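> Need a 3D model of the sequence below.
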Amino acid sequence: MRWIMRGLFGLILGTGLCTSMCLAQSESNLPADRLSVAVLWFDNRTGDPNAAHWAYGITGLILRQLEAVKAIRLTSQNALHLAFHQTGTPIGSAVDADLARRMGRIIEAQRVVWGSIRREPDRWRVSARVLNVATGETSVEVHAASDDWFSIRDRLFESVLDHLGIEPSSEEHTKMVRPHINSKALEPFSRFIWAQNHGEPARAMLQYARQAAEADPNSDHALGALGAALLNMGKQEDAEQAEQALRKAVSVDPNAARAWYVLGELSLMKGDIKRGQASFEKAYALDPDDSDSVMGLGRVAGHLQGQWDQALALFQKAATMDPTNAEIHACVGVACARLGKLEAAMQELRDAERLCLPGMAGANTEQQIAQCYEQLRDLSSAVQHYRRMISLARQQQIRPGVVDQLEKKVQEIQARLQPTFIDARMPRIFDDQALQQVLAQRLTPDEVKQVFNPLACTPEMKSWAEEITRDAPSAMDKAKALFDTLIRRSETAANIKKHTAQEVFSLWNDPSEGFDCMDYTVLYVSLARAVGLNAFYTYVSKDPEKRVIGHACASVFADGKALLVDPALAWFGVPHARYAVMDDVQAMAVCGVQIETTAPPLRIACKLDPNSVLIRVAMAGVLMNEEHWTEAREVFTNLGAIEPNTLEQCFYEVQQSRLAYHDKDANSAEIHVRSALSIDPTDASAHYYMGCLLAEQGRLTEARKHFRSCIIFDPGSKRADTARAHIATLNERIWKQGQAADPNSDPNRPPA
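Numbering: from 1, shown residues only. Next up is the predicted model:
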């Protein structure tokens, strides 16, 4: 049972010895004959919120037993958090079969175990079910009732194993029945687990861990939890007590892998690199499924020894063990950046950004992402992620001295982001009357009723803009004052819905609402115009590093100069390599199809901006969705020349691949989709279609890789849901192939 996640700001810089073991292993060499099982936190159905911690206690007891079974690979705690987060389900909520299957698909579990607890007059009753993620088949509900939690554990566990179709060995059975904590310590320990998963303050977790250790001073789990809780407090005296607890934990049970791991973290904090490395190696030898120990060795190899090739191999090994862990992907990105593998670094960064959990669970990831962007010299992105991490740390009052240093670092980076002026023609600004005239000329009366102006302002927005710019002497100073205000909002929430300027303004003070580049742009343009600035929506197709992207920022024409203002990247005067400054009609078209991507808005957008290749190609895609293949071909015939190596060409190649696939020309379909990915490796639809093509050819691992990329780059779409279903089927096929290839293999064999 994983009772601690690595603390905030875990990287310690220095020098040291070379790590003595290499755990690197490609995904194709990992054992495929183990069953991936997710055990969701059980649901409290007692009606008493104070009893909720017992649901976590019984979950922990079951996990402790399952860890002893070599034929099973348990999904990580991080993966469970991701499943709840991406389904919008609060941790501890009731789960049904449909939700369990959705969660299983998200974290690529083959089986999902979930259940609930109830209180009867003289005993507890616990029920559980097991689901096959690929097929959707669900077991009958199994029950266990007693006034003793360990008795419930044993009865329930036997039933769960039976439904998983797994028979433990005698050695495994001996490990399973050994108690890891006594009955007196079980309640505070279960409260510790509950507090950890609900983001309770560090002091609350320390209180429960201390109570558990006092109730059972010979429990390696209770002592280990106490050591970890003390370590997270960040003070010298706490670290000394932490070491005492952890040393006692490994003396009670020399096989306590998690205690050895936390001892490794403690040693690095003290600057004892050799001992830290040895502790991580010990932890891995005892628990080859724990990616944290591999990560620890990777940090030693990279940040402390400068052996970045070895660090990369270790981080990649960890990623195969826990593929949905955002922090691991960020560390892979850092290593790739250090080795000059820039495209690979960017790929890992994108993975990390889309998998990053909200709140404190994502704080370490934000730091790693920021460091990677800084290494890649993408300073604006580094600032953005440092600011997110600082905001989270301030909220939790964690290690204020470290946070102060990071804030100084951000100020130094921002000082290096000098503005670059552009040579661009200012488009026309339409007043309401002129805008309505254009709409009436290009659209039918019914279509006019369906459009909206994403840049429209309200009196309240105008008052706010005037307040912000009250002391700004020039037009450019006003533009900078608005920018400085917008970038102060710490972006810690994920967002998949785009908004108009008025919607963004109404949600501005809601910390649970996240905004993307379009949201910041429409609000900025609206506020800028409210104080008399000439500001415009601008579509960016290549960033300052000339990478192909689909992005939005604002253009401001003031004091005889023009520049690009990008609040999402925290850069005033950003030198984007390719962009189009849009008039209001074009902005209505491009924003309208992003807010609503169905056929009617796209047809309207084609009328509003008939020269937009992106919108017309998107329309061809909708026509194919509707099985209007002939009309789709006509769209392509009338497109004309497309500038190479642009987002327009990428979209064109994807849709051409769909046409070829419809015509049963798999070879042409693959050529087109590979061309799209060569232009934009982040295109979700290209990854999806490539996954389909490879799956049909029996190239299962390659297909799974592309389906995973599809999900990462477009996690909230229907296409991503379908990709998850494909992955569930592929995982089952890969697992069965592994069993058939070597049914007697040892799944815990150490890597070469």
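> Which parts of this protein belong to which domain?
The chain breaks down into these domains under automatic domain parsing: 33-178, 184-289, 290-417, 432-593, 611-739.
> Minimum distance to D423: which of these has it?
domain 432-593 (7.4 Å; C-beta to C-beta). (Glycine included, C-beta is placed from N, CA and C.)
> ranges for the strands of this structure?
Ranges of strands in the chain, per DSSP state E, are 35-39, 43-44, 72-74, 111-120, 123-132, 142-146, 534-542, 548-558, 561-566, 571-572, 578-581.
> looking at these, which is buried most?
Comparing the strands of the chain by mean neighbour count (mean count of other C-beta atoms under 10 Å), strand 571-572 ranks first with a mean of 25.
> Nearest residue to the middle of the chain?
L355 (1.0 Å; C-alpha atoms, centre = their mean).
> Leaving out chain neighbours, which residue sits closest to R704?
Closest residue to R704 apart from its sequence neighbours, by C-beta to C-beta, 6 or more residues apart in numbering: L730 at 4.8 Å.
> if I pick that neighbour, what's in contact with it?
695, 700, 703-704, 707 (C-beta atoms under 8 Å, 6 or more residues apart in numbering).
> out of those residues, which one sits closest to A257?
Looking across the contacts of L730 and measuring by C-beta to C-beta, the closest to A257 is R704, at 28.7 Å.
> Could I get the contacting residues of that closest one?
Counting by C-beta under 8 Å, 6+ apart, R704 touches 691, 727, 730-731, 734.
> top helix in this protein by residue count?
If you go by DSSP state H, the chain has its longest helix at helix 718-741.
> what's in contact with the worst-scoring helix or strand of the chain on mean pLDDT?
Ranking every helix and strand in the chain by mean pLDDT, DSSP states H and E puts helix 400-415 at the bottom, with a mean of 76. For helix 400-415, the external contacting residues (C-beta under 8 Å, 6+ apart) are 9, 374, 379, 382-383, 386-387, 389-390, 393-394, 570.
> about what we covered before: from E702, how far off is the residue nearest to R704?
Distance of L730 to E702, computed by C-beta to C-beta, to the nearest Å: 10 Å.
> now L693
10 Å.
> same question, E643
31 Å.
> Identify the residue spatially nearest to H143, adjacent ones excluded.
That would be S127: by C-beta to C-beta, 6+ apart, it lies 5.0 Å from H143.
> OK, contacts around the nearest residue to R210 once chain neighbours are set aside?
Distances taken as C-beta to C-beta, 6+ apart place L226 nearest to R210, at 5.8 Å, with adjacent residues excluded. Counting by C-beta under 8 Å, 6+ apart, L226 touches 206, 209-210, 212-213, 242, 245.
> go with 10 Å
Contact partners of L226, counting by C-beta atoms under 10 Å, 6 or more residues apart in numbering, are 192, 205-206, 208-214, 217, 219, 241-242, 244-246, 248-249.
> One more: E137?
97, 101, 130-131.
> Chain neighbours aside, what residue packs nearest to W571?
That would be S380: by C-beta to C-beta, 6+ apart, it lies 4.0 Å from W571.
> Look up how far A361 lies from the one you found.
Per C-beta to C-beta, S380 is found 25 Å from A361.
> Quick check: which of the strands of the chain is nearest to S474?
Short answer: strand 548-558, nearest of these by C-beta to C-beta, at 7.5 Å.
> what's the burial count for A212?
30 (other C-beta atoms under 10 Å).
> from memory it sits against P188, does it?
Yes: counting by C-beta atoms under 10 Å, A212 touches P188, with 4.2 Å between them.
> Spit out the residues that contact those two alike.
What both A212 and P188 touch, as defined by C-beta under 10 Å, 6+ apart, is the set 181, 222, 225.
> Now those in TSV, please, with extra columns for distance to G60, pLDDT and neighbour count.
Listed next are these as TSV, based on distance: C-beta to C-beta, whole Å; pLDDT from 0 to 100; neighbours: other C-beta atoms under 10 Å:
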residue	distance to G60	pLDDT	neighbour count
I181	9	88	27
A222	12	91	31
A225	11	89	33
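> returning to what we had before: of the contacts of L226, which belong to helices?
Short answer: the contacts of L226 in helices (DSSP H) are 192, 205-206, 208-214, 241-242, 244-246, 248-249.
> Please check those residues and keep the buried ones.
The neighbour count (16 or more other C-beta atoms under 10 Å) marks 192, 205-206, 208-213, 241-242, 245-246, 248-249 as buried among the ones in helices among the contacts of L226.
> Run through who's touching stretch 658-669.
620-621, 624-625, 627, 629, 632-633, 636, 656-657, 670-673, 685, 689-690, 692-693, 696-697.
> from these, which would you call buried?
Judged by 16+ other C-beta under 10 Å, buried ones among those: 620-621, 624, 632, 656-657, 670, 672-673, 685, 689-690, 692-693.
> From these, pick the one nearest E343.
Nearest member of those to E343, counting by C-beta to C-beta, is M690, at 17.0 Å.
> May I have the residues that are in contact with the closest one?
654, 657, 669-670, 673-674, 676-677, 683, 702-703, 705-707, 709-710.
> Mind checking which of these are buried?
Looks like the contacts of M690 have 654, 657, 669-670, 673, 676-677, 683, 702-703, 705-707, 709-710 buried, using 16+ other C-beta under 10 Å.
> follow-up on the earlier one: can you put the contacts of L730 in a markdown table and add pLDDT and distance to G514?
Formatted as a markdown table, the contacts of L730 follow (pLDDT from 0 to 100; distance: C-beta to C-beta, whole Å):
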| residue | pLDDT | distance to G514 |
| --- | --- | --- |
| A695 | 95 | 33 |
| L700 | 94 | 35 |
| A703 | 96 | 31 |
| R704 | 94 | 29 |
| F707 | 94 | 25 |
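> Most widely separated two among the residues you listed?
L700 and F707 (10.4 Å).
> Find residues that contact each of those two.
In terms of C-beta under 10 Å, 6+ apart, L700 and F707 are both contacted by the residues 694, 730.
> Can you give me the distance of L74 to H687?
The value you get for L74 to H687, if C-beta to C-beta is used, is 28 Å.
> Also K274?
Relative to H687, and taking C-beta to C-beta, K274 is found at 43 Å.
> These two: which is more packed in?
Set K274 next to H687 and count neighbours by other C-beta under 10 Å: H687 wins out with 27 against 11.
> my read: the more buried one touches R674, true?
No: H687 is beyond contact range of R674, at 11.1 Å (criterion: C-beta under 10 Å).
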